[in-house]
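Enquirer: model this:
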Amino acid sequence: MSQVETYLEAANRKNTRRSYASAVRHFEVEWKGLLPATTETIARYLADHAATLSLNTLQHRLAALSRWHTEHGFPDPTKAPVVRQVLRGIRTLHPAKEKQAKPLQLDTLQRIDTWLQQAAAAERVQGHRAGELRHLRDRALLLLGFWRGFRADELVRLRIEHIEVEPGEGLTCFLPRSKGDRNAEGRTFRCPALSRLCPVSAYEDWLAASGFTTGPAFRAIDQWGHMANTELATNSVIPIFRRIFASAGIEGSDQYSSHSLRRGFAGWANANGWDIKELMEYVGWRDIKSAVRYLDASTEELKKRFERGLPAVPKESQEAPPVSSKPLRSKIIRFPGK
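Expert: Just a heads-up that it's a prediction; the model follows:
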């Protein structure tokens, strides 16, 4: 691979390259579409899959096809007005509620953390190193993911040499690139040490047990306790979380995903008085639309907000009218005969 190719590959995230290649393959191999494509072909491709694929998936397929045409020096047919009109029509005729992961509430996080600590201690007593390592890793993964609002791909790309720990104070981690970092400038994230549910101490426990001083912070562990030299696969994070949630006795564990941590933290911060700008800066959202998607006020919180906005009831109107002590008399109405 030449230097130019090396830098071109580095300019695109691995997951993006893989998903775009899959989208182009679907168009060309499974649907039998020809590349370069025409505007009419793209519109027909969208129409053929409007009833079976979500709008987000169709837009992702368009982005992949757009990238292919641009990289190969062809005019981009996905930008044509007719393609945008077809998309608008699909949105109208196939409305769908956006699926969102169930937010991880703080009391649920506490239950899972307690279970993980107890499970790790039990494995240690029984001499099961693989089980102990797995629980320590999962606890660090969970708490750091929650309190930093990390995505799954950000968690697995953390490297030990990019994380600085100040015991009792907090940790600082550097990510060379993330989803919102379009210019690949890298971002530094800070996380404080806490008196409970502490991500810093959880990470320290995992690091000490693993024995690693460089390389990926989170790795796969086999049944004998051997740890991989490569980073944990992104698509393994959701199964890990669902497994430990189910083991901890959390109902509906299959409703949670890695985004549950991000949504859970955003909800917790919102309920505890963080303003939207502060939250966006901490988590790393670039636009307010991205942030608002993660903020779901609970029914109780909504009720409080509504009640605060209601006008005060006058004191005199709160008192019930006096009941008359006089007996009620019925009045007989007589109608004249015909």
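
Enquirer: Only C-alpha atoms from now on, for both contacts and neighbour counts.
Expert: Will do.

Enquirer: lowest confidence element among the helices and strands of the chain?
Expert: helix 315-318 (a mean of 54; mean pLDDT, DSSP states H and E).

Enquirer: List the buried residues in stretch 240-251.
Expert: Within stretch 240-251, the residues scored as buried using 16 or more other Cα atoms under 10 Å are Ile240, Phe241, Arg242, Ile244, Phe245, Ala248.

Enquirer: Could you tell me the model confidence score at the most centrally placed residue in the chain?
Expert: For the chain, His259 is the residue whose C-alpha lies nearest the centre (Cα atoms, centre = their mean; 2.1 Å). Note for His259: predicted pLDDT of 88.

Enquirer: Kindly report the same for Pro216.
Expert: Looking at Pro216, its pLDDT stands at 95.

Enquirer: residues contacting it?
Expert: Going by Cα atoms under 8 Å, 6 or more residues apart in numbering, Pro216 touches Val156, Arg157, Leu158, Arg159, Ile160, Asn229, Thr230, Glu231, Leu232.

Enquirer: of the residues you listed, buried ones?
Expert: Those of the contacts of Pro216 that meet the buried threshold are Val156, Arg157, Leu158, Arg159, Ile160, Glu231, Leu232, by 16+ other Cα under 10 Å.

Enquirer: Would you check which pair of these lies furthest apart?
Expert: Ile160 and Leu232 (13.4 Å; Cα to Cα).

Enquirer: Need the CA coordinates for stretch 117-137. CSV is fine.
Expert: Extracted C-alpha coordinates of stretch 117-137, given in CSV (Å, rounded to 0.1, in the frame of the first residue of the first chain):
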residue,chain,number,x,y,z
GLN,A,117,-18.9,-6.2,41.8
GLN,A,118,-20.4,-9.2,43.6
ALA,A,119,-19.9,-11.4,40.6
ALA,A,120,-16.3,-10.4,40.2
ALA,A,121,-15.6,-11.1,43.9
ALA,A,122,-17.2,-14.5,43.6
GLU,A,123,-15.1,-15.4,40.6
ARG,A,124,-12.0,-14.3,42.4
VAL,A,125,-12.7,-16.5,45.4
GLN,A,126,-13.3,-19.5,43.1
GLY,A,127,-10.1,-18.8,41.2
HIS,A,128,-11.9,-18.2,37.9
ARG,A,129,-9.7,-15.6,36.3
ALA,A,130,-11.6,-15.4,33.0
GLY,A,131,-14.8,-14.6,34.8
GLU,A,132,-13.2,-12.1,37.1
LEU,A,133,-11.5,-10.3,34.2
ARG,A,134,-14.7,-10.2,32.2
HIS,A,135,-16.7,-8.7,35.0
LEU,A,136,-14.0,-6.1,35.8
ARG,A,137,-13.8,-5.1,32.1
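
Enquirer: Give the rounded mean pLDDT of that stretch.
Expert: What stretch 117-137 shows for mean pLDDT is 96.

Enquirer: Distance from that stretch to the middle of the chain?
Expert: Between the centre of stretch 117-137 and the centre of its chain there are 28 Å (Cα atoms, centre = their mean, to the nearest Å).
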